[in-house]
Structure formats: structure tokens, C-alpha cells
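Engineer: Could you look at this predicted model? Sequence included:
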Amino acid sequence: MSAIERDHAYQSFSRAQWAELRAAVPLPLTEPELERLRGINESISLEEVEAIYLPLSRLLNLYVYAKQRRGDVLEQFLGRKPSLGPYIISVAGSVAVGKSTTARILQALLQRWPEHPQVELITTDGFLHPLDELQRRGLMGRKGFPESYDIRRLLEFVRDVKSGKGAEAPLYSHLTYDRIPNAVQRIHQPDILILEGLNVLQSSVDYPEEPHRPFVSDFVDFSIYVDAPHTLLKQWYVDRFLSFRDGAFKDPNSYFHHYAKLTHSEAAKTAAKIWDEINGPNLMQNVEPTRERADLILSKAEQHQIEQIRLRG
């Protein structure tokens, strides 16, 4: 392996260097399985899984195993029952960067390791305030910003899961752009919980006026940030919007059904405007500033291909 670059906090790996760390871990996914995990307009290949995600699953397996062993030793020393709380992995990044696909692939790979077969995945979308509440607070134009989330409920959920209790997460529909009434995902003592969302890396650094306030990041064991240049992120968002215009937006039940009637040019301009007014500012103000707190940064180039990996330590 060629020399690995280091900065003050991270070791930086090229794609080829990282792929070597797979260490003969077998590929458990088939092409049909991967197809079900891909997001809209993401051409992630089995080669990408082999080069990037298998080494990452091996690293995370080692981290989980080490924590389990340390916990067993500590509980034995203290004469207590072993903790039933899971290892929590967070996946953060911009809208349209592909963090949901990253989280789904990690879940699929990690649950195949015999040491931790129960791997649950929760997206923080379900913890967005309902549409009527966002409208009442005048936050529809800031959906996805930190203030649009029911932070108290999200923190209670993560705290309960971490302590080994059962917990319920609200389910979200991208079709109706809202929580699904009375629908929840029940979580009960998983081995690993993957928590995916825009703001899961925020901490007290972002709110110096509230230094003692708890944050989701306080309960996370390993954090991942999926990164990409702003120009690509905007283009991916526009491309995804156009795909929805030709698909999901045509459903009469879709919150965005009115966009289905736009021409291709009108839809592209509308998507670019939404990015410039909402998603872009949220990225720059709230999401990207948390990037350097991640334990691992996956940097993407064209076609969603990860070209650089930065690992803290």
C-alpha cells in the first residue's frame, strides 16, 4: 500500500488504498439486492460496494466487537448485568448526496456479520414536525432546518434506544411530504442502530447559548458524513426532482402533484430555485459545518462514486 496522507485529525485514503482494507471479506449482496437499495439516479455498482462499503463494514464490525468486549469486562468488574443498548452509527450529509443509500447498504452488510445480526435503520425524516405544525409556525420554507424537527421526541427516542428500552419512531411519507398518521417503526434492543439524517452531527458547539442541552450526537458511537462538491449536489437534486416529476409526482396523492404538469425546463428551474432558497442555505449554515466532527468522511465525485475516504485517528 502506498503512503497514507495524514492531517491533524484524519488519515486520508484514496479509493484504491481503502479497497485494500477489505481483507478478503466476502461480498454478500447480489445485483438484484443492490438494485433495491439504490436511490433515485444513483448508479452504485457492486464494485463500489466491494471497494468502499465492505472495508467500511469490516471496520465497523471491529468497532462494535471492541465495544461489546469492553462493555462485558466493565459490567463483570462492576457486578452488573450487560447493557442492552445498541451500537449507534449516524450518517449525515446534504439533501441528494445519497446518505439514505449509504445507510441502507451499511444495514444490509452489517446484518450479515454473525456478531450483530439485528441492525435497524431509522431516518430522522419521521421526526420532522407534521405539515400543519410547520405551517402554523411559518416553517414550510425551512423544512429540513434544525428548527423544523421535533427535537425533544427525537432525543427521547435515541435516549431510550441507547438505554436498552423499546422505542417508537414516526414514519414519514415522501409521497405526502408528511408523517404518516399513527404509523411508527418499533425498535427493541437491536445490536446496531443506524440513524440517518441531515443534522445528526450537530452538537453544543452549534448552540453556545444552550451549553447543557443534549444532542443526538451525544449518543452516537461512530459518525459518517457523506460529502460532495456543491455543484454536484445541486445537479443531483435537480436530476432527482426531474425523475420524481416523471414518476412519483404524477400520483394524485403526491404533495407535489402540481409539479407533474411542468415542462422539463420549468421543472429544472423550479428545482434549482428550491435548492438555492432552501437546501443550499441549510447545507451551508447547518449541515456542512458539522462535517469535520465525523469519524469518517466519504467524499463523492461524478456518478456518486466515492474517491476519497478520511478516517479520524
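Structural biologist: It's in.

Engineer: Report the separation between the spatially most distant residue from the centre of the chain and residue 165.
Structural biologist: Residue farthest from the centre of the chain, counting by CA atoms, centre = their mean, is residue 79 at 36.4 Å. According to CB to CB, to the nearest Å, residue 79 stands 22 Å off from residue 165. Every C-beta, even on glycine, is put in place using the N, C-alpha and C of the backbone.

Engineer: With residue 239 instead?
Structural biologist: 41 Å.

Engineer: repeat for residue 84
Structural biologist: Counting by CB to CB, the gap from residue 84 to residue 165 is 8 Å.

Engineer: got it, and residue 142?
Structural biologist: 32 Å.

Engineer: repeat for residue 156
Structural biologist: When distance is defined by CB to CB, residue 156 is 10 Å away from residue 165.

Engineer: do the same with residue 282
Structural biologist: As for residue 282, its distance to residue 165 is 32 Å (criterion: CB to CB).

Engineer: what's around residue 118, how many residues?
Structural biologist: In terms of burial, residue 118 registers 14 neighbours under the definition other CB atoms under 10 Å.

Engineer: what comes into contact with the helix or strand where residue 77 lies?
Structural biologist: Element membership of residue 77, judged by DSSP states H and E, is helix 54-78. Under the criterion CB atoms under 8 Å, 6 or more residues apart in numbering, residues 18-23, 25, 27, 81-83, 87, 89, 106, 109-110, 113, 115-116, 191-192, 221-222, 296, 311 lie in contact with helix 54-78.

Engineer: Likewise for stretch 260-276?
Structural biologist: For stretch 260-276, using CB under 8 Å, 6+ apart, the contacting residues are 234, 237, 238, 241, 242, 245, 249, 250, 254, 259.

Engineer: Please flag which of these sit within helices.
Structural biologist: Assigned to helices by DSSP state H, the following of the contacts of stretch 260-276 qualify: 234, 237, 238, 241, 242, 245.

Engineer: Format the residues you listed as CSV; extra columns: pLDDT, distance to residue 38 and neighbour count.
Structural biologist: Converted to CSV, the ones in helices among the contacts of stretch 260-276 look like this (pLDDT from 0 to 100; distance: CB to CB, whole Å; neighbours: other CB atoms under 10 Å):
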residue, pLDDT, distance to residue 38, neighbour count
234, 98, 21, 21
237, 97, 17, 21
238, 97, 19, 20
241, 95, 17, 23
242, 95, 17, 20
245, 92, 19, 22
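
Engineer: nearest to residue 124, of those?
Structural biologist: Using CB to CB, the shortest approach to residue 124 within these belongs to residue 237, at 18.5 Å.

Engineer: can you give me the strands in the stretch 1-150 of the chain?
Structural biologist: Assigned by DSSP state E, counting those that start in this stretch, the strands in the stretch 1-150 of the chain fall at 5-6, 10-14, 87-93, 119-123.

Engineer: One more: the stretch 151-300 of the chain?
Structural biologist: Read by DSSP E, counting those that start in this stretch, the stretch 151-300 of the chain holds these strands, from start to end of the chain: 166-173, 178-188, 192-196, 222-227, 296-300.

Engineer: Pull up the gap between the residue nearest to residue 297 when sequence neighbours are not counted and residue 50, please.
Structural biologist: Of all residues beyond its chain neighbours, the one nearest residue 297 is residue 310 (4.2 Å), with distances taken as CB to CB, 6 or more residues apart in numbering. Between residue 310 and residue 50 the distance is 20 Å, computed by CB to CB.
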